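[1] When you get a sec, could you give me coordinates for this:
(2 chains, ligands or ions: 5)
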Amino acid sequence: MSDSKKDPDMSSHRLPNDEYLKNFSDIKPPLSQYEAHIEANRCLYCEDAPCISACPTGINIPSFIQKIADKNTDGAATTILDSNILGGSCARVCPTEILCEGVCVRNKSPEFSPVKIGRLQRFALDTYQPDQHPYQRSPATGRTIAVVGAGPAGLACAHKLSRLGHNVTIFDKQAKAGGLNEYGIAQYKMVDNFAQKEVDFIMALGGIQLKTQQALGEQLQLDSLRNEFDAVFLGVGLSNSKALGLEQTDIHGLESSLDFISELRQSDDLSQITIGNKIVVIGAGNTAIDIACQSKRLGAEQVTLVYRRGESHMPATSKELEFAKQNSVKIITWARPSSLKVINNQLVAIQFEKTALDTSNNLIGTESFFELPADTVYKAIGQSFLFNCFAGSEPPELINGRIDINEQFQTSLNNVWAGGDCVVLGEDLTVQAVEHGKQAADSIHHHLIWSKGNGDA
Amino acid sequence: MATLKSKFIGITSPNPFWLASAPPTDKAYNVYRAFEAGWGGVVWKTLGEAPEPINVSSRYSAHKSQSGEVIGINNIELISDRSLEVNLAEIRQTKIDWPDRAVIVSLMVPCEEASWKAMLNKVAATGCDGIELNFGCPHGMPERGMGAAVGQVPEYVEMITAWCKKHTKLPVIVKLTPNITNIVTSAMAAKKGGADAVSLINTINSITQIDLDSMAGAPNVGGQFTSGGYCGSAVKPIALNMVGQISRNNETGSLPISGIGGISTWRDAAEFISLGAGNVQVCTAAMLHGFKIITELTDGLARWMDSKGYQTIEDFKGAAVPQLTDWKHLDLNYQVIAEINQDSCIECGRCYAACEDTAHQAIKVEKLENGQRHFSVINNECVGCNLCQITCPVPDCITMVKQPTSKPKQSWDQHPKNPFRSNK
Ligand SMILES: Cc1cc2nc3c(=O)[nH]c(=O)nc-3n(C[C@H](O)[C@H](O)[C@H](O)COP(=O)(O)OP(=O)(O)OC[C@H]3O[C@@H](n4cnc5c(N)ncnc54)[C@H](O)[C@@H]3O)c2cc1C
Ligand SMILES: Cc1cc2nc3c(=O)[nH]c(=O)nc-3n(C[C@H](O)[C@H](O)[C@H](O)COP(=O)(O)O)c2cc1C
Ligand code: SF4
Ligand code: SF4
Ligand code: SF4
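    Ligands and ions are numbered 1, 2, ... in the order given. This is a model prediction of the structure:
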């Protein structure tokens, strides 16, 4: 079977049409009113509840859950939004097992089963249909702020700033706002165009102008934004796929995972997507899991995920790993890619070297090799920050390849703030980016209104 | 193996569980099904004089817990709305077909001796085992001078009981209403009238809910509502108290009691019996779960009796009564203090919130180095009120531990600060 000399088997339409719909529909469908009510009643309404501290945005979880139990769903929704204006997407994408639900006291004996906080959060926000935006803007301050990047960090920041009475302009290099919520998150986690609905909800507050297809470093310069606006927030995320070190020019089959995922997310007809049959994914973060599972769900026959360390070292959460196994993704650990086999510019196989830990726990090669036939290899070994957005301008200081900030989310440049994946702080998670945006907005507000000795707020 | 065989005021039944007078006992069809399921006896749904009453629609409403479980129900139903003749004929046939089961007939007629006499004669002819006087129905009937309107006046209770004793040889059970200030007064009246037993409680006046859209209560009858009779699990504590008060009273203590009110499990039944009931009657639990629940009631009770070495119901009947006393006799030197089992504590902090905000600030929280929270009791502050134990969601995590004391037992009755103390 695994004859690597054969022509690569790249095609679309691998599945019957209705299979695509099924495979990319909501993997965690919303709770019904009844289920939500029963689940809400499991919450113990803890004192100084640990789930609150485990949520990066500090949502008052027992309070919103109690409101669901009381059948006050609108109250529950606003309790969530008060802390997290992107609560709807967070409810869908948060790795709750390591955040809020991970510390729920009901994990302990005798129950071993946390309250389903994420699903209750989704229930509250899905049910909420306000006639008007729940928040109003404060009187205009006359200040203008540029937010670069319309991902979760930028949107949260813009929303908060606008509420505080500032005028905000968001710039994004893509055609649509939403950042990875729109271009990165697997479709079965964000069905029904939810990312755009959430963007619309945020924009409905008013006071925010959105300018798309405006890339910092191309159409826009940081220096001129700093001159034109009272403050600048950078929420540009991580745009660069890390390299394997085996890249050669012009080979078909060695793909960046983000490009593929975004193609998937933007496609109206998944059956049109060309997909290989023997797929190898390198990496073991959530991106790797996402791409492996989505390939499988597009009809690829063999999907193998290869990771250089053991299962317990994988950055993906155990729940994600479990999901990969349920999707029949084969997992190989302790191996790293060593060379590519290419025929006529088309990848046909990839070679790996088995790895191990030496006595001081460093990863080493063992000089034992094996080969996997592969028509497509996806690199999912992480994203990095793309510096060229500062081309032609004075750049802020970087640290570990990302933008350096202080506790107030200020960069080294006096009127530039930053947050989300592009800064060093915290985990690369949607909910973390929201919190950064929120805190940066407070910091910007404080700085503009108070630090200039101009107490007109 | 324990036997559940029951003999209550001379009436035998295979077990002490009777169905209370209510819809489950309103016709032979239900009663036969109940007997097939294993119920020990029935108190037939209350009969009255012709013409039979007319019921409204709707009739029941519920009080539910936050999670949707029924805690209690309320009803505005009247006595049997089927014809007296049909009921009597069915009762006679039932007793023929089920000779080993207890069949009691509940009655309610106007407050005139002739009415009672006529009715008793008809009922005796059915061959039933006894009668129960319904002095409790709180809705509809009092407006006609019956039910609770009678039960709330001790003189009437005594008088009617006496008429009944005069006009029938059947054992007479007087069913008491809880809608009074002192149940013992009612029980004494029944006793003076010559009652063979009392049964209690009938339903409690209640309004379970208001629909905040229509601003009508429930059950809703064309937009209006009226107070209904409350029953089910929620009324158990009230019923138990009333049974206990009659049992521990010198004058009424010897009066046989049929315990009623919120009995849903074998444990509830055992509690009524330990407070002096000779048997029990069940209504709501059967209405909510069906007759099959009798299996759980009898199996649980028999197994528990086995585990305690009780062979008959009599062996533990009234066993809790001696411990029931007045507040003034309680030992002021007895002291318990809460203790938290650290191995089972899940760190929810509910005990802390309860004690800190509403009790005695006797629970301390410490943040440990490993990030865990450690909840412990400040012994000097704890008054032993039980609040933390009640709020703790983990079974047996908080226990109330008896403290050693060198002081002898001392009650308020004996306390030097009591100006009226008995041992001056
Ligand atoms: C495949 C994948 C799956 C993921 N799954 C999850 C998950 O399940 N749960 C979870 O919590 N997190 C997940 N994450 C992480 C999460 O998506 C990010 O942490 C989050 O989106 C970060 O938000 P951000 O606003 O910082 O950046 P982004 O969402 O990356 O947004 C950055 C925005 O900036 C714009 N931009 C970039 N450069 C420029 C420029 N030069 N000029 C103008 N605009 C620019 C981009 O177009 C984008 O709109 C996943 C990430 C990936 C890659
Ligand atoms: C719908 C309904 C109708 C009742 N009708 C009568 C009745 O006709 N006569 C009577 O003595 N008690 C009647 N009762 C009261 C019950 O017999 C019983 O005393 C009361 O429900 C408490 O017991 P429980 O908590 O087990 O239901 C009725 C109760 C209900 C719920
Ligand atoms: S935002 Fe995420 S972490 Fe916070 S409560 Fe909601 S699901 Fe949990
Ligand atoms: S920790 Fe769990 S039980 Fe406690 S408040 Fe949070 S969700 Fe509720
Ligand atoms: S209520 Fe119980 S489980 Fe919760 S902190 Fe107190 S002792 Fe622990």
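[2] tell me how far stretch A:277-289 is from the chain's mean position?
    16 Å (Cα atoms, centre = their mean, to the nearest Å).
[3] So for that stretch, mean pLDDT?
    For stretch A:277-289, the mean per-residue pLDDT is 93.
[4] and the end-to-end length of that stretch?
    Terminal residues of stretch A:277-289 are spaced 17 Å apart (Cα to Cα, to the nearest Å).
[5] okay, now whichever residue of the stretch 101-250 of chain B sits closest to chain A: neighbour count?
    Of all residues in the stretch 101-250 of chain B, the one sitting closest to chain A is B:Leu212 (11.1 Å; Cβ to the nearest Cβ). Yep, even glycine has a C-beta here, placed from its N, CA and C like the rest. The number of residues packed near B:Leu212 is 7, by other Cβ atoms under 10 Å in any protein chain shown.
[6] and the closest residue to ligand 5 within the stretch 51-200 of chain B, how many residues sit next to it?
    Residue nearest to ligand 5 within the stretch 51-200 of chain B (Cβ to the nearest ligand atom): B:Gln66, separated by 18.2 Å. A count of neighbours around B:Gln66, defined by other Cβ under 10 Å, yields 12.
[7] contacting residues for it?
    A:41, A:69-70 (Cβ atoms under 8 Å, 6 or more residues apart in numbering or on different chains).
[8] My reading is that it lies in a helix. Confirm?
    No - assessed with DSSP: H, G, I helix; E, B strand; the rest coil, B:Gln66 is coil; it does not lie in a helix.
[9] Now, of the contacts of B:Gln66, which are buried?
    A:41, A:69 (16 or more other Cβ atoms under 10 Å in any protein chain shown).
[10] which one of the contacts of B:Gln66 sits closest to B:Leu297?
    A:Asn41 (27.6 Å; Cβ to Cβ).
[11] Now do the contacts for the closest one.
    Counted by Cβ under 8 Å, 6+ apart, A:Asn41 has contacts A:69, B:66-68.
[12] picking that back up, tell me the one of the contacts of B:Gln66 nearest ligand 2?
    The shortest approach to ligand 2 among the contacts of B:Gln66 belongs to A:Asn41, at 24.4 Å (Cβ to the nearest ligand atom).
[13] what's the nearest residue to the closest one if we skip its chain neighbours?
    Once flanking residues are discounted, A:Asn41 sits nearest to B:Ser67: 3.9 Å by Cβ to Cβ, 6 or more residues apart in numbering or on different chains.
[14] measure the one you found to ligand 4 for me?
    14 Å (Cβ to the nearest ligand atom, to the nearest Å).
[15] Would you confirm that A:Gln410 contacts A:Asp404?
    No - using Cβ atoms under 8 Å, A:Gln410 is not in contact with A:Asp404, being 9.7 Å away.
[16] Look at these two and report which has more neighbours.
    Here A:Gln410 and A:Asp404 are compared on neighbour count by other Cβ under 10 Å; more neighbours surround A:Gln410, at 20 against 16.
[17] Roughly how far does that one sit from ligand 4?
    With Cβ to the nearest ligand atom as the criterion, A:Gln410 and ligand 4 are 33 Å apart.
[18] Please report how far that residue lies from ligand 3.
    Using Cβ to the nearest ligand atom, we find A:Gln410 at a distance of 25 Å from ligand 3.
[19] residues touching that residue, list them.
    Contacts of A:Gln410 (Cβ under 8 Å, 6+ apart): A:416-417, A:443, A:447.
[20] before we move on, what about A:Asp70?
    B:Gln66.
[21] Swap in 10 Å and give it another go.
    A:37, A:40, A:76, B:66 (Cβ atoms under 10 Å, 6 or more residues apart in numbering or on different chains).
[22] domains for the chain, by residue range?
    This is for chain A. Chain A is divided into the following domains under automatic domain parsing: A:3-24+A:241-379, A:33-126, A:144-238+A:385-453.
[23] not quite, I wanted chain B
    For chain B, automatic domain parsing gives the domain ranges B:6-323, B:327-414.
[24] Distance from the first one to the middle of the chain?
    Relative to its parent chain, domain B:6-323 has a centroid offset of 9 Å by Cα atoms, centre = their mean.
[25] Identify the single longest helix in the chain, thanks.
    With no chain named, the answer covers chain A. helix A:430-446 (DSSP state H).
[26] if you could check chain B rather than the one you did, that'd help
    Per DSSP H, chain B has its longest helix at helix B:293-308.
[27] Does chain A have contacts with the helix or strand that it is followed by?
    Sequence order places strand B:336-340 as the next helix or strand after helix B:293-308, per DSSP states H and E. No - using Cβ under 10 Å from any Cβ of the partner chain, strand B:336-340 never reaches chain A; the gap is at least 14.0 Å.
[28] Disregarding flanking residues, what is the spatial nearest neighbour of residue 221?
    Using chain A here. Nearest non-adjacent residue to A:Gln221, counting by Cβ to Cβ, 6+ apart: A:Ser393, 5.0 Å away.
[29] my bad, chain B
    B:Val56 (4.9 Å).
[30] Contact partners for the one you found?
    The contact partners of B:Val56, by Cβ under 10 Å, 6+ apart, come to B:76-78, B:139-140, B:219, B:221-222, B:224, B:226.
[31] Name the helix or strand for the closest residue to A:Lys108 other than its chain neighbours, please.
    Nearest residue to A:Lys108 in three dimensions, chain neighbours excluded: B:Ile346, at 4.2 Å (Cβ to Cβ, 6+ apart). Using DSSP H and E, B:Ile346 maps to neither a helix nor a strand.
[32] burial count for B:Ile346?
    Applying other Cβ under 10 Å, we find 21 other residues in the vicinity of B:Ile346.
[33] ditto for A:Thr317
    18.
[34] before we move on, what about B:Thr12?
    14.
[35] I'd assumed B:Gly130 was in contact with it.
    No - assessed by Cβ atoms under 10 Å, B:Thr12 is found out of contact with B:Gly130, at 11.3 Å.
[36] Closest residue of the stretch 301-450 of chain A to chain B?
    Residue of the stretch 301-450 of chain A nearest chain B, by Cβ to the nearest Cβ: A:Glu427 (17.5 Å).
[37] tell me the contacts of the residue nearest to that residue when sequence neighbours are not counted?
    Setting aside the residues directly before and after it, A:Glu427 is nearest to A:Pro56 in space (Cβ to Cβ, 6+ apart), at 7.8 Å. A:Pro56 makes contact with A:83-84, A:90, A:94, A:99-100, A:426-427, A:429-436, A:438, according to Cβ under 10 Å, 6+ apart.
[38] Just the buried subset of the residues you listed, please.
    Looks like the contacts of A:Pro56 have A:83-84, A:90, A:94, A:99-100, A:429-436, A:438 buried, using 16+ other Cβ under 10 Å.
[39] what about A:Phe409, how many neighbours?
    A:Phe409 has 27 neighbours, counted by other Cβ under 10 Å.
[40] For A:Ile399, the count of nearby residues, please.
    A count of neighbours around A:Ile399, defined by other Cβ under 10 Å, yields 11.
[41] Can you report phi and psi for it?
    phi -150, psi 130 (degrees, to the nearest 10).
[42] In this structure it contacts A:Ala418, no?
    No - assessed by Cβ under 10 Å, A:Ile399 is found out of contact with A:Ala418, at 11.5 Å.
[43] Spell out which residues are contacts of both of the two.
    A:405, A:424.
[44] quick one, what contacts the residue in chain A that chain B sits nearest to?
    The minimum distance from chain A to chain B, using Cβ to the nearest Cβ, falls at A:Glu47 (3.0 Å). Counting by Cβ under 10 Å, 6+ apart, A:Glu47 makes contact with A:62, B:347-354, B:356-357, B:363, B:365, B:373, B:375.
[45] Which ones among these also lie next to ligand 5?
    By Cβ under 6 Å from any ligand atom, the members of the contacts of A:Glu47 lying near ligand 5 are B:347-351, B:375.
[46] could I get the residues you listed as JSON lines with pLDDT and secondary structure?
    Output for those, formatted as JSON lines (pLDDT from 0 to 100; DSSP: H, G, I helix; E, B strand; the rest coil):
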{"residue": "B:Glu347", "pLDDT": "96", "secondary structure": "coil"}
{"residue": "B:Cys348", "pLDDT": "97", "secondary structure": "coil"}
{"residue": "B:Gly349", "pLDDT": "97", "secondary structure": "coil"}
{"residue": "B:Arg350", "pLDDT": "97", "secondary structure": "helix"}
{"residue": "B:Cys351", "pLDDT": "98", "secondary structure": "helix"}
{"residue": "B:Phe375", "pLDDT": "98", "secondary structure": "strand"}
